[in-house]
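*Asks:* everything below, folded, please.
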Amino acid sequence: MTSAHADAVLEIYAVGIAEGNATFESSAPTWEQFDAGRLAQHRFVALDDAGVVLGWVAASAVSSRPAYAGVVEHSVYVDPAARGTGVARALLDALITSTEAAGIWTIQSGVFPENRASLALHRRAGFREVGVRERIGRSDGRWRDVVLLERRSPVVD
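*Replies:* Below you'll find the predicted structure:
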């Protein structure tokens, strides 16, 4: 993922935000904010044959503390027209490959319980449910729960 993909990445993100079950964010950030908050070596786009962005995945560090150097949080978003085609799984697989190569032992994410497709995708990719963070944040004036998911690498010690 590079700045050449910025407009498409942020548009897909904005669609996910508008749908209401992907994030607590209320609007997409600027590219500069997005870029600064994600690890450059752990973000990818899926492109069709014409070079159109179909989806993206990106990881952020969860802490600057050395004990958590091998833990990242990720997001994955797919254009509605490309959902159900394997794009999200391919993006997660690319993220898993890159993080394991970098010695990262845990990828985590928070998913709204209503986002059943995302929960199923993550389970198929080897994530497990750690628990539910009840009423952890507010969205559109209502409390929302978040399912905390993690994938522990079987190859990184």
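*Asks:* now the helix or strand encompassing residue 100: average pLDDT?
*Replies:* Using DSSP states H and E, residue 100 maps to helix 87-101. Helix 87-101 shows an average pLDDT of 98 in the prediction.
*Asks:* ok, now stretch 16-29?
*Replies:* 94.
*Asks:* buried stuff in that stretch?
*Replies:* Neighbour-count burial for stretch 16-29, with 16 or more other CB atoms under 10 Å as criterion, is recorded at 16-17, 21-23, 28. In short, each C-beta sits where N, CA and C put it, glycine included.
*Asks:* returning to that earlier point: what residues of the helix holding residue 100 count as buried?
*Replies:* Quick answer for helix 87-101 (16+ other CB under 10 Å): 87-88, 90-92, 94-96, 98-100.
*Asks:* turn the residues you listed into TSV, including distance to residue 45.
*Replies:* TSV is the format used below for the buried residues of helix 87-101 (distance: CB to CB, whole Å):
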residue	distance to residue 45
87	10
88	12
90	11
91	8
92	13
94	10
95	12
96	16
98	13
99	17
100	20
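*Asks:* what segments of this protein are strands?
*Replies:* All strands of the chain, identified by DSSP state E, fall at 43-47, 53-61, 71-78, 106-111, 128-139, 142-152.
*Asks:* just the pLDDT at residue 157, thanks.
*Replies:* With respect to pLDDT, residue 157 scores 83.
*Asks:* sorry, slip of the keys, the one I care about is residue 140.
*Replies:* pLDDT recorded at residue 140 is 89.
*Asks:* excluding chain neighbours, what is closest to it?
*Replies:* Leaving aside its sequence neighbours, residue 140 sits nearest to residue 20 (CB to CB, 6 or more residues apart in numbering; 7.2 Å).
*Asks:* contact partners for residue 99?
*Replies:* Contact analysis of residue 99 by CB atoms under 8 Å, 6 or more residues apart in numbering lists 42, 59, 72, 107, 153.
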